[in-house]
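1. Sequence below, structure please.
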Amino acid sequence: MFDLADPSRARGEPTFPGVILEIDATGQVVHSWRGRAAPPLAAHADVFAALDLDDTTIAAAQIHFLLASAIGASADDWAVVAGDAPSALVRRDGQTLSVGWEPVVEGDAIARVALFAMIGAAPRGAIEIDDPAEINRMCVDALGLLDDCDAALQHLAGDPTARYCVHRIFRNLHTIKGATRGTAALQKISNLAHQAEDATEILRHSEDAAAQVLSEIRDALRALRVAVGAARPRGEVDDAMTELLVECRPVLVDLQLAVNRFTDYDVSAVDIAKRGVERIRAASERAEMRSLLAQCEVTARAIDHIAAGGDVSPAALDDIVALDRQIELYAAVYRELAAADNGPSLLLAMASWKGSLEDRGGSFASLASLVAGVPSLREALADPTPLAVRRARAVLADAPAMFEPGRPRDEAAIRFERVHSELQSALVALERAAPAAPLGELRAIIERLSWIPLAGLGRRLIRMTRLLAAELGKEVTADVGFGDLTAAPELARVLGEILVHAIRNAIDHGIEPAAERLAAGKPAAGVIHVAAYAMTGRVLVTVRDDGRGVALDRVRRQAISRGLRTASDVALATDADLLELLFHPGFSTAAAVTSVSGRGVGMDVIRSLAQERGGTAVLSSSPGRGTELTIDVPLEVPEPPVAASPGESRGGSTRRSRTSNRPTLPYSR
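-> Numbers count the residues shown, from 1 in each chain. As a prediction, the model looks like this:
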């Protein structure tokens, strides 16, 4: 919320590189402040005239509706009324304003609305980055991080003294905020992540977690998840069930033809049936639909039985046909749930229904009245035959996974994954046929086919640098050199997460404002150099800026004031010792917490992520010349440790987040 006591406002010079307008219910500007790079502000009291906006557009109507709905309402209602506020406005001269909205609260009510507007670099970046696939990638990553937060929060509820859970929640929220900041379509997510950090702040200063605090954090995480889901482009990306159907539809036809041949005691279609089941099995595993995966195994055994002896029994045919009918039931339930207003609540209830009924030995038919709006599921629950009961159990178990976000993939990526899966299957068959053959090198080559180039990550980092620098009123360019380096998808994601925090720290803490740089004899624009090098089994990543360097005196003072070191320890500490303190959770040299930094989380995230992958993070700095961060991690991602405690997902089962492949880690140290 907009803070009327902000000292920067008292000086009349907001740090925001644009304009801030306080608007009343009639659209009149009550107060205004201009910052660096502010759009021209006319001497008009009306907000539309002041910013040279056409007051007959749809965006203008949205603004009027926002003002009328928000002002006078409770501060708690802001998230609802501000959901449809425009994030970009087009002036009469054709220039685009990137805008944000905050309530000005007096007492418990919204007295006015503050509009933040910026012109120039931010709109260009927003146009570049507001690509549906890119937006989806960010949302998918955010959902994976939120899954991890939920697991940490659940463990914290059982063990209020688990400090590592607190650090992990903070790390994830800080990553979400940094990755979505500066993107017009995701700015609301960034703001909510910052507010969630505020809700979590109290845990960093207490020995345990009170139930009320955990409830507030849980509400904040829920609001974030809703915002992320709403931000995902509709019609541009797929969920898990859509992706599964794309994979399965073609091979189901082959499976049906194979069944027809088997019925006529023609076993020549065995190979076709095997390939079809293998593709369905791989798609089920990607979608984390465990019951469908189990049915694939049953069907595969039935086909193997036919292949081994040519015995086409009715039971084997039933097991093959069951897979086709199970997928058709999944598709029908998916369509009906997607069309139902209460679809999400039904999904959440299904897992508990299944577990409670099995515990009590109840009948699935008793649920029929509860799913009246899902006819296909109601009919399946009412059918007492063994195969129907098996399908009903399966859909109840797998339905919550249907609407999980799919990975951002294009057709080429889908075809490649299919070929890669077929190559792996062929390798398995070759290993069985020639167990003594030296196939290790071939296996490594096939695995590396799934590695992805880091060039796309480089482009995202360059855009992020430009956007954040403009927001902070600095001139910064990013020189990113990844060459043709490739890495496993999970490692590429981890490196991206590390580099987001590293670049944000460099821009906010390292690079000086243009005037300060010129006074020091430097170019007005700072430069951040990012490079990655592949070595023997490892990748070395460096992030180097030409900024002011780390203020070691400030580090010394903070170390003493926080009780991390005594005055005598600090006096004897080397520069390397002091730089190590920057990786300590919660340590920050910032004078105040802002929406960009000050929490002392960024460097902690960097080292923790590197260490979780068996790597290291080292910092070096030279006063007045800049700072360099070096990350050294294995190219092969190590096996994740076995979870010491369950990480419950939204579906209620212990699992990895499919969206980010983030392992469920133990929440203790």
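2. Can you find the helix or strand in the chain with the smallest mean pLDDT?
-> helix 121-129 (a mean of 39; mean pLDDT, DSSP states H and E).
3. Could you look up the next helix or strand downstream of that helix?
-> helix 132-158 (DSSP states H and E).
4. can you give me the offset of that next one from its chain's centre?
-> 6 Å (C-alpha atoms, centre = their mean, to the nearest Å).
5. which secondary structure elements does that helix contact?
-> helix 163-180, helix 211-231 (3 or more C-beta pairs under 8 Å, 6 or more residues apart in numbering; DSSP states H and E). Placement of C-beta: from N, CA and C, glycine included.
6. mean confidence for the following helix or strand past the shortest one?
-> The one in question is helix 163-180. For helix 163-180, the following helix or strand on the C-terminal side (DSSP H and E) is helix 187-201. Helix 187-201 comes out with an average pLDDT of 82.
7. average pLDDT across stretch 443-461?
-> For stretch 443-461, the mean pLDDT works out to 79.
8. hang on, the earlier thing: do you know which of the helices and strands packed on helix 132-158 lies nearest residue 402?
-> helix 211-231 (14.1 Å; C-beta to C-beta).
9. Tell me the first helix or strand C-terminal of that closest one.
-> Immediately after helix 211-231, counting by DSSP H and E, sits helix 240-263.
10. Pull out the buried positions in that next one.
-> 240-245, 247-248, 251-252, 254-255, 258-259, 261-262 (16 or more other C-beta atoms under 10 Å).
11. same check, this time on stretch 530-546
-> Going by 16+ other C-beta under 10 Å, stretch 530-546 has these buried residues: 530-532, 539, 541-546.
12. about what we covered before: want to throw the helices and strands packed on helix 132-158 into JSON lines with mean pLDDT?
-> Converted to JSON lines, the helices and strands packed on helix 132-158 look like this (pLDDT from 0 to 100):
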{"stretch": "helix 163-180", "mean pLDDT": "82"}
{"stretch": "helix 211-231", "mean pLDDT": "83"}
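13. and those helices, which is most packed in?
-> Comparing these by mean neighbour count (mean count of other C-beta atoms under 10 Å), helix 163-180 ranks first with a mean of 24.
14. what angle sits between the helix or strand hosting residue 110 and helix 187-201?
-> Using DSSP H and E, residue 110 maps to strand 109-119. Orientation of strand 109-119 against helix 187-201 (axes from the mean of the first three to the mean of the last three C-alpha atoms, to 10 degrees) gives an angle of 130 degrees.
15. now strand 109-119: how far from the chain's centre is it?
-> On C-alpha atoms, centre = their mean, the centre of strand 109-119 falls 28 Å from that of its chain.
16. ditto for stretch 546-563
-> For stretch 546-563, the distance to the chain centre is 32 Å (C-alpha atoms, centre = their mean).
17. contact partners of it?
-> 506, 509-512, 516, 522, 526-527, 564-567, 570, 573, 575, 578-579, 581-582, 587-589, 619, 621-627 (C-beta atoms under 8 Å, 6 or more residues apart in numbering).
18. Stretch 159-167: end-to-end distance?
-> 14 Å (C-alpha to C-alpha, to the nearest Å).
19. Figure out how far it is from the centre of its chain.
-> 22 Å.
20. what about the most centrally placed residue in the chain, distance to residue 172?
-> Nearest to the mean C-alpha position of the chain, by C-alpha atoms, centre = their mean, lies residue 142 at 1.6 Å. Note on residue 142: its distance to residue 172, by C-beta to C-beta, to the nearest Å, is 9 Å.
21. all helices of the stretch 301-450 of the chain, in order?
-> Ranges of helices in the stretch 301-450 of the chain, per DSSP state H, counting those that start in this stretch, are 314-339, 343-360, 375-382, 386-402, 411-433, 440-448.
22. Relative to residue 478, which of these is closest?
-> Of the helices of the stretch 301-450 of the chain, nearest to residue 478 by C-beta to C-beta is helix 411-433, at 26.3 Å.
23. If you average the pLDDT over the closest one, what comes out?
-> If you average the pLDDT over helix 411-433, you get 71.
24. got the domain boundaries for this protein?
-> What automatic domain parsing lists as the domains of the chain is 7-119, 147-231, 240-402, 411-448, 452-634.
25. if we can go back for a sec, just tell me which of the helices of the stretch 301-450 of the chain ends up closest to residue 115.
-> helix 343-360 (33.0 Å).
26. State the mean pLDDT of the closest one.
-> 53.
27. How about stretch 636-644?
-> 47.
28. circling back: residue 447: which of the buried residues of stretch 530-546 is nearest?
-> Using C-beta to C-beta, the buried residues of stretch 530-546 come closest to residue 447 at residue 539, 16.0 Å.
29. Now that closest one. Nearest residue, chain neighbours left out?
-> Nearest residue to residue 539 in three dimensions, chain neighbours excluded: residue 635, at 5.4 Å (C-beta to C-beta, 6 or more residues apart in numbering).
30. Please identify which of the helices of the stretch 301-450 of the chain is closest to residue 213.
-> helix 343-360 (24.1 Å).
31. just to revisit the earlier point, C-alpha coordinates for the strand holding residue 110, PDB please?
-> Output of strand 109-119 as PDB, limited to C-alpha atoms (Å, rounded to 0.1, in the frame of the first residue of the first chain):
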ATOM      1  CA  ALA A 109     -10.500   2.800   4.200                       C
ATOM      2  CA  ILE A 110      -9.100   3.600   0.800                       C
ATOM      3  CA  ALA A 111      -9.000   7.400   0.600                       C
ATOM      4  CA  ARG A 112      -7.400   7.800  -2.900                       C
ATOM      5  CA  VAL A 113      -5.600   5.800  -5.500                       C
ATOM      6  CA  ALA A 114      -2.000   6.300  -6.500                       C
ATOM      7  CA  LEU A 115      -1.000   5.900 -10.100                       C
ATOM      8  CA  PHE A 116       2.600   5.100 -11.000                       C
ATOM      9  CA  ALA A 117       3.400   5.900 -14.700                       C
ATOM     10  CA  MET A 118       6.700   5.500 -16.600                       C
ATOM     11  CA  ILE A 119       7.500   6.000 -20.200                       C
END
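32. how many neighbours does residue 494 have?
-> 23 (other C-beta atoms under 10 Å).
33. can you confirm it is in a helix?
-> Yes: according to DSSP: H, G, I helix; E, B strand; the rest coil, residue 494 belongs to a helix.
34. Tell me the spacing between it and residue 506.
-> 19 Å.
35. now do residue 552
-> Distance of residue 552 to residue 506, computed by C-beta to C-beta: 17 Å.
36. When those two are compared, which one has more neighbours?
-> Just comparing residue 552 and residue 506: by other C-beta under 10 Å the higher neighbour count belongs to residue 506, 28 against 17.
37. wait, the more buried one sits on residue 627?
-> Yes: in this structure residue 506 lies within contact range of residue 627 using C-beta atoms under 8 Å: 7.0 Å.
38. neighbours of residue 158, just the number please.
-> 11.
39. Now do the buried residues in the helix or strand encompassing residue 553.
-> Secondary structure assigned from DSSP H and E places residue 553 in helix 552-561. Going by neighbour count (16+ other C-beta under 10 Å), the buried part of helix 552-561 is 552, 555-556, 558-559.
40. Please report how far residue 378 lies from residue 477.
-> On the measure of C-beta to C-beta, residue 378 and residue 477 end up 60 Å apart.
41. and these two? which has more neighbours close in?
-> Neighbour comparison, residue 378 and residue 477: the larger count goes to residue 378, with 18 against 13 (by other C-beta under 10 Å).
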